[in-house]
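J.: Need a 3D model of the sequence below.
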Amino acid sequence: MRYQGIIFDFNGVLFFDSDLQEKSWQVVARQLRGREMSGEEFAWHMHGRANAYVLSYLAGRDITGPELAEWIEVKESIFRDLCLTTPGRLTLSPGAQDLLDSLVRAGTPRTIATSSGITNVRFYIRHLHLDRWFDAGKLVYDDGVRPGKPAPDMYLAAASKIGLEAHRCVVVEDAVSGVASALAAGAGCIVGIGATADHASLLTSQGAALVIETLGDFPRARLLEDPRQGRD
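T.: Next up, the predicted model:
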């Protein structure tokens with residue numbers, strides 16, 4: 001079966017930044033609870049999760065209001081500095097540009113559903129030139145209003161932004177919580193992405209139909225309809 005649109009998670013999908021995210025979260029973890037996060041904690045309580053969830057998890061209590069905003073800025077400032085000062089990191093993931101170019105040429109409806117906040121989204125648009133491939137007004141991000149992943153809200157909103165129902169969309173995700181979110185939203189097909197070592201966890205999350213290592217492996221012709229077919 002082929003689908004009409006595609007929704008990308010961002011971090012770990014279009015932008016391989018997991019190591020930088022983990023480094024920045026470790027600084028915050030040491031400050032909030034006095035010890036770093038484990039690999040298991042990263043998988044279940046950080047990757048794909050909204051900042052409010054991670055911060056509350058680390059603190060062992062709900063962090064809200066001005067305190068939440070302050071901690072988010074601390075964490076994201078560290079992350080953005082790492083992006084800017086680590087040589088060669090501000091680039092799209094392997095295969096992303098070619099895939100996005102092909103989607104633009106075909107006129108395939110597309111957007112992003114990310115757990116990042118608006119400040120980081122603007123940072124990505126500026127430094128990675130996302131507006132070359134995406135309508136910024138159709139991007140879905142953590143606005144502090146809708147529930148974050150693994151709730152379905154972000155993917156339901158993203159599908160609506162591109163004028164489709166979720167079951168007509170392919171979702172590309174790298175995190176177990178993101179796969180759960182897309183599954184709960186009723187996405188037509190979920191493609192996991194990650195290193196070989198991560199494939200088993202994505203497949204056993206009972207949502208991903210297949211797993212790829214990079215977007216260069218994405219089977220566009222098999223999964224996506226070509227809107228150009230039937231045109232005069």
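J.: List the buried residues of the least confident helix or strand in the chain by mean pLDDT.
T.: In the chain, the helix or strand scored least confidently by mean pLDDT, DSSP states H and E is helix 199-203, which has a mean of 72. Residues of helix 199-203 classed as buried by neighbour count (16 or more other C-beta atoms under 10 Å): His199, Ser201, Leu202. Any C-beta I mention is one placed from the backbone N, CA and C, and that applies to glycine too.
J.: Out of the residues you listed, flag the one nearest to Gln229.
T.: The closest of the buried residues of helix 199-203 to Gln229 turns out to be Leu202 (C-beta to C-beta; 31.2 Å).
J.: and Ala136, how many neighbours does it have?
T.: Neighbour count of Ala136, defined by other C-beta atoms under 10 Å: 12.
J.: host element of the spatially closest residue to it that is not a sequence neighbour?
T.: Once flanking residues are discounted, Ala136 sits nearest to Ile125: 6.1 Å by C-beta to C-beta, 6 or more residues apart in numbering. According to DSSP states H and E, Ile125 maps onto helix 118-128.
J.: So for that helix, what gets flagged as buried?
T.: For helix 118-128, the neighbour count (16+ other C-beta under 10 Å) marks Asn120, Val121, Phe123, Tyr124, Leu128 as buried.
J.: Also stretch 136-151?
T.: Under the neighbour-count criterion of 16+ other C-beta under 10 Å, stretch 136-151 has Lys138, Leu139, Val140, Tyr141, Asp142, Gly148, Lys149, Pro150, Ala151 buried.
J.: Could you dump those residues into a markdown table with secondary structure and pLDDT added?
T.: Shown next, in a markdown table, are the buried residues of stretch 136-151 (DSSP: H, G, I helix; E, B strand; the rest coil; pLDDT from 0 to 100):
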| residue | secondary structure | pLDDT |
| --- | --- | --- |
| Lys138 | helix | 98 |
| Leu139 | coil | 98 |
| Val140 | strand | 98 |
| Tyr141 | coil | 97 |
| Asp142 | coil | 94 |
| Gly148 | coil | 92 |
| Lys149 | coil | 93 |
| Pro150 | coil | 93 |
| Ala151 | coil | 96 |
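J.: Farthest pair within the residues you listed?
T.: Lys138 and Pro150 (22.1 Å).
J.: gap between the residue nearest to Ala136 and Tyr141?
T.: Going from Ile125 to Tyr141 by C-beta to C-beta, to the nearest Å gives 11 Å.
J.: For stretch 212-227, what is the spacing between the initial and final residues?
T.: For stretch 212-227, the first-to-last residue distance is 24 Å (C-alpha to C-alpha, to the nearest Å).
J.: for stretch 212-225, same thing?
T.: Stretch 212-225: ends 20 Å apart by C-alpha to C-alpha.
J.: quick check, distance from it to the centre of its chain.
T.: Offset of stretch 212-225 from its chain centre (C-alpha atoms, centre = their mean, to the nearest Å): 17 Å.
J.: which of the residues in it are buried?
T.: Of the residues in stretch 212-225, Ile212, Thr214, Leu215, Phe218, Arg220, Leu223, Leu224 count as buried by neighbour count, 16+ other C-beta under 10 Å.
J.: Thought Gly95 was touching the fourth one, still the case?
T.: Yes - proximity of Phe218 to Gly95 meets the contact threshold set by C-beta atoms under 8 Å, at 7.0 Å.
J.: Quick check: neighbours shared by those two?
T.: Common contacts of Phe218 and Gly95 (C-beta atoms under 8 Å, 6 or more residues apart in numbering): none found.
J.: pLDDT weak spots in this protein?
T.: 204-206, 230-232 (pLDDT under 70).
J.: quick one, helices of it?
T.: All helices of the chain, identified by DSSP state H, fall at 18-33, 39-45, 51-59, 65-85, 96-106, 118-128, 153-161, 176-185, 199-203, 220-223.
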